[in-house]
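Engineer: Have a look at this prediction, sequence included:
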Amino acid sequence: MSKILVAIADTVFPNWEPAEKVLADLNVSLERSENPSEEAILSVARDAEALFVTYAQITAEVINGLEKCKVIGRFGVGTDNIDIEAATEAGIVVTYAPLYCLDEVSDHAMTTLLALARKIPFSNQMVHNGRWEMPAVVPIRRLKGRTLGLVGLGNIAQAVVGKAQAFGIKTIAADPYAPDDLFTKMNTQKVELEELYEKSDYISVHAPLTPETQNMFSTEAFRKMKNDALLINTSRGPLVDIDALVEALEKGEIGGAALDVLPQEPPSSDSPLFGREDLILTPHTGFYSEDALLDLQTTVAKDVAAVLNGAKPKFPVNPDVFTK
């Protein structure tokens, strides 16, 4: 019995044991691309029946070069690095892990919100520098009764809602695609984006990256926000215009920000983001835990295995493939 060729476009995993265990009964041969270029990916994936991808760009050109592929498994929550339309046209189902790292990212968003609101990084650095000066840290406002605005009300944002409400924080959200009954279920007021800018003491971003949402936090948006508002972004870096953010912080148009994602990762050494006391930066670690990585590998590998076995996956991005 010949082996089933499964290609790997790119990977961030220290080892592939969890995925290999899931695929063990299929008699697969895993072939890894030397780099994430189109040519390198196709050199291992042209005759593959499945393709795993993390961050590599799976363009229409790559998809059109896949001669036997049945399924593309993306290790992550989003699929903006895959040409879904081209995959659907080619009859290739794309799977992903929409429930992956819900706890981790929502915890990270809430943790950085609390750290900003309580000015913990600034206080910590000040004390380490020999300054025990409470007046230098004020003002700090009570969390209870403040308003958190969520841009998007998907799975991660819903997890944030419960954690914020546990602190007595009111929640509002702007999401034109979420049904009204979801807002009711989450005890969260539905608002338009403009109203969210104006009403929120804290804003946590959970929107996908699209041409419409890129740089949605711009100079215009910051001017509409409260002067002491705090912005948290654990979603996609390009949603925030970094130059506009720095300008808003310097002018006092908002109170602070916490960014786990940036338009350029890592940022340049002379980035204007560095050295600011009103800004928390983390190196895209919001998703991470050992448990989350295990969940991610097994979830995506199980769906890829299902397709290779002739079954439907649990998390298809383009279910229309099955009606073609």
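Structural biologist: Yep, it's here.
Engineer: Might you report the residue contacts of the spatially most central residue of the chain?
Structural biologist: For the chain, the residue whose C-alpha lies nearest the mean C-alpha position (Cα atoms, centre = their mean) is Ser235; its distance is 3.9 Å. Residues touching Ser235, when contacts are defined by Cβ atoms under 8 Å, 6 or more residues apart in numbering, comprise 152, 205-209, 261. Any C-beta I mention is one placed from the backbone N, CA and C, and that applies to glycine too.
Engineer: backbone phi and psi for Lys163, please?
Structural biologist: Here the main-chain torsion angles of Lys163 (degrees, to the nearest 10) amount to phi -70, psi -40.
Engineer: check contacts around it.
Structural biologist: Taking Cβ under 8 Å, 6+ apart as the definition of contact, the neighbours of Lys163 are 106-107, 110.
Engineer: Can you list the buried residues in stretch 213-229?
Structural biologist: Using 16 or more other Cβ atoms under 10 Å as the test for burial, stretch 213-229 gives 213, 216-217, 221-222, 225-226, 229.
Engineer: quick one: secondary structure of Gly73?
Structural biologist: Three-state call for Gly73 (DSSP: H, G, I helix; E, B strand; the rest coil): strand.
Engineer: Start the count at 353 instead of 1 going forward.
Structural biologist: From this message on, residue numbering opens at 353, which makes the last subject Gly425.
Engineer: can I assume it is in contact with Ala402?
Structural biologist: Yes - between Gly425 and Ala402 a contact is recorded at 6.7 Å, counting by Cβ atoms under 8 Å.
Engineer: okay, and the common contacts of the two?
Structural biologist: Val656.
Engineer: Following element in sequence after the host helix or strand of Pro473, please.
Structural biologist: When secondary structure is defined using DSSP states H and E, the element that contains Pro473 is helix 472-480. Using DSSP H and E, the helix or strand that follows helix 472-480 towards the C-terminus is strand 499-503.
Engineer: Quick check: neighbours of that following strand in the sheet, parallel or antiparallel?
Structural biologist: For strand 499-503, the paired strands and their directions (DSSP bridges) are strand 522-526 (parallel), strand 554-557 (parallel).
Engineer: Any buried residues in whichever helix or strand comes after the first one, and which?
Structural biologist: Tracing the chain past strand 522-526, the next element assigned as helix or strand by DSSP H and E is helix 532-537. Neighbour-count burial for helix 532-537, with 16+ other Cβ under 10 Å as criterion, is recorded at 534-535.
Engineer: which outside residues touch helix 532-537?
Structural biologist: 505, 510, 525, 541-542.
Engineer: ok so, going back, how about the strands paired with strand 499-503, which one is nearest Val652?
Structural biologist: The stretch from those with the least distance to Val652 (Cβ to Cβ) is strand 554-557; that distance is 24.8 Å.
Engineer: biggest helix in the protein by residues?
Structural biologist: Using DSSP state H, we find that the single longest helix of the chain is helix 642-660.
Engineer: Tell me the spacing between the closest residue to Leu451 other than its chain neighbours and Leu382.
Structural biologist: On the basis of Cβ to Cβ, 6 or more residues apart in numbering, the spatially nearest residue to Leu451 that is not a chain neighbour turns out to be Asn507, at 6.3 Å. Asn507 is 30 Å from Leu382, where distance means Cβ to Cβ, to the nearest Å.
Engineer: again, but for Leu495
Structural biologist: Here the criterion is Cβ to Cβ. By it, Leu495 lies 48 Å from Leu382.
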